[in-house]
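> Take this sequence and fold it.
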Amino acid sequence: MAMLGLKIDVDTYWGMKNGVPCLLQALREFNLKGTFFLSIGPDNSGRAALQLIKNPLFLKKMMRTNAVALYGWKTALYGTLLPAPMIALSFPEIVNDIIAAGHEVQFHAWDHRRWQDELPDKSENWIRGWFSKGIAGFEKLTGKKPTAFGAPSWVIDDRVLKIIKEYKFNYISCTRAKTPFIHEIAETLEIPSDLPCFEEIDAQKGVSIIANLIKDGGTHVLPVHAEVEGGIFQNQFRELLEKTLSLGIEVMPLKKIKDKLDTKTLPRRKYKMELLPGRHSACAV
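Numbers count the residues shown, from 1 in each chain. Predicted structure coming up:
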């Protein structure tokens, strides 16, 4: 059976406050479930201004996606000129809404921005503290430990995978790849995102591009962002859901894909970092 997993990342305070309720409404209308990967701690999005200087591709992306409309002007100042607000920890009622609606909830980040921009320069102790604070916050919100992890912006390294192994997650979703596999270092199931994000492709053609990639069946994972598909691209997201269902494809959370996999037959793989089309920095592939 053809399957489409919805991997919904919540990266910012704006996305949690505004994007998540919008996505919950859309999924409710289509009677669908997805997996929400939550950023728990501070929204330091304003620190992205440093990338505007260091990385011309980041500036190009911000202009292409109309970042102010996408994230709101306050987001561009959080963690610099404005205090960094907590993301999921600021909205326990919205977390409860996600759970009450029957969606899967998993751990995405403590501080998304610093991980995304600074991971290679951080110590192993910093990484361990990041996981510790994030998972403690996740437990405070949900009453449970997370059973999966999705790395911010698909950025990982060998140290991260060794720490992931210690947490014994049921699965992780930290790469962009065509099919599920077992990480060599973490010895953990990977359910990767194989489809492009809406903001990586021509927004006007996004629905047809993604529909063409899934129409022939198979197992696919769509990376969704609360700030994007729950914001200025919400109409395209609804259109894609309608198209997907018309193709007879079952839409589901990632845990359901995990339950259908025979992990004993999956290949063991080593990730590498690579710059993909439409992105401003390398991600794990």
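> For the longest helix seen in the chain, list the C-alpha coordinates in CSV.
The longest helix of the chain (DSSP state H) is helix 124-142. Backbone C-alpha positions of helix 124-142 (Å, rounded to 0.1, in the frame of the first residue of the first chain) are rendered in CSV as follows:
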residue,chain,number,x,y,z
GLU,A,124,30.0,16.9,23.5
ASN,A,125,29.0,18.1,27.0
TRP,A,126,26.9,20.9,25.3
ILE,A,127,25.2,18.3,23.1
ARG,A,128,24.4,16.2,26.1
GLY,A,129,23.0,19.2,28.0
TRP,A,130,20.9,20.1,25.0
PHE,A,131,19.3,16.7,24.9
SER,A,132,18.9,16.6,28.7
LYS,A,133,17.1,20.0,28.8
GLY,A,134,15.0,19.3,25.8
ILE,A,135,13.8,15.9,26.9
ALA,A,136,13.1,17.1,30.5
GLY,A,137,10.9,19.9,28.9
PHE,A,138,9.2,17.3,26.7
GLU,A,139,8.4,15.2,29.7
LYS,A,140,7.0,18.2,31.6
LEU,A,141,4.7,18.9,28.7
THR,A,142,3.6,15.4,27.8
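> let's number from 7 now, not from 1
From this message on, residue numbering opens at 7, which makes the last subject helix 130-148.
> Give me the distance between the helix or strand following it and the centre of its chain.
Later in the chain than helix 130-148, the nearest helix or strand by DSSP states H and E is strand 154-155. Computed by CA atoms, centre = their mean, to the nearest Å, the chain-centroid distance of strand 154-155 equals 11 Å.
> what's the answer for stretch 189-199, then?
16 Å.
> Can you give me the first-to-last residue distance of it?
Using CA to CA, to the nearest Å, the end-to-end distance of stretch 189-199 comes to 15 Å.
> Can you point out the buried residues in it?
189, 191-192, 194-199 (16 or more other CB atoms under 10 Å). Yep, even glycine has a C-beta here, placed from its N, CA and C like the rest.
> What's the mean pLDDT across stretch 178-194?
Mean pLDDT, stretch 178-194: 98.
> Residues contacting it, please?
13, 43, 154-157, 160, 162, 164, 166-168, 170-171, 175, 177, 195-200, 225, 227, 260, 263, 267, 269, 272-277, 282, 289-291 (CB atoms under 8 Å, 6 or more residues apart in numbering).
> Run through the residues that contact residue 173.
Neighbours of residue 173 in contact, by CB under 8 Å, 6+ apart: 137, 141, 155.
> Residue 116: how many residues sit nearby?
Taking other CB atoms under 10 Å as the criterion, the count of residues near residue 116 is 23.
> ok, the nearest residue to it once chain neighbours are set aside - how many residues close by?
Nearest residue to residue 116, sequence neighbours excluded (CB to CB, 6 or more residues apart in numbering): residue 140, at 3.4 Å. Neighbourhood size, residue 140 [other CB under 10 Å]: 24.
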